[in-house]
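In: A structural model of the following input is requested.
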Amino acid sequence: MDIEKLIGQKQTPVCTVISLFISFVVWVVILEEAYRAPAPEGSFFPLRLMGLIAVVVYIGLPANILAGLIASARGEYCGGQIAVLGIALWFLTGLLILARKICCGA
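Out: Numbering: from 1, shown residues only. Predicted coordinates for the structure are as follows:
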């Protein structure tokens, strides 16, 4: 990434900042919900956990894709790539959490 191109943009990279914000919020919700203390036996904690993560991802995914597409159309430097990297971070985090739960039982 060329820092001069990033700083010297003619337009303010609004959609790129929106995409970064959406990516960060969804990622924090995924981490916070996944590492919350386990609920007592017989509760609906796993269902609630997966439901909240699904809702946040299903809302964040189209919003982040739209922000990336608009950023790319506006000519914001690396706007589309930043949106894609944010989405990839969510799925990578989810896979790592799932692998940890399967392997370690944590």
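
In: check which residues of whichever strand or helix holds Val28 are buried.
Out: Assessed by DSSP states H and E, Val28 sits inside helix 14-34. For helix 14-34, the neighbour count (16 or more other C-beta atoms under 10 Å) marks 15-16, 18-20, 22-23, 26-27, 29-30, 33-34 as buried. For glycine as for every other residue, the C-beta is placed from the backbone atoms N, C-alpha and C.

In: could you point out the helix or strand that follows it?
Out: With DSSP H and E, the next secondary element past helix 14-34 is helix 45-74.

In: what sits against the residue lying closest to Gly60 once chain neighbours are set aside?
Out: Excluding its sequence neighbours, the residue lying closest to Gly60 (C-beta to C-beta, 6 or more residues apart in numbering) is Val26, at 4.0 Å. Contacts for Val26 (C-beta atoms under 8 Å, 6 or more residues apart in numbering) come out as 56-57, 60, 64, 86, 90.

In: which two among the residues you listed are spaced furthest apart?
Out: Maximum pairwise distance among the contacts of Val26 (C-beta to C-beta): 12.9 Å, between Val56 and Gly86.

In: more neighbours: which of these two?
Out: Using other C-beta atoms under 10 Å as the criterion, Val56 and Gly86 rank with Gly86 on top: 23 against 19.

In: please, which helix or strand holds the more buried one?
Out: Gly86 is part of helix 79-104 when elements are defined by DSSP H and E.

In: that helix to helix 14-34, inter-axis angle?
Out: Relative orientation of helix 79-104 versus helix 14-34 (axes from the mean of the first three to the mean of the last three C-alpha atoms, to 10 degrees): 10 degrees.

In: list the helices and strands helix 79-104 packs on?
Out: helix 14-34, helix 45-74 (3 or more C-beta pairs under 8 Å, 6 or more residues apart in numbering; DSSP states H and E).

In: who wins for proximity to Glu4 among these?
Out: Judging these by C-beta to C-beta, what sits closest to Glu4 is helix 14-34, at 16.2 Å.
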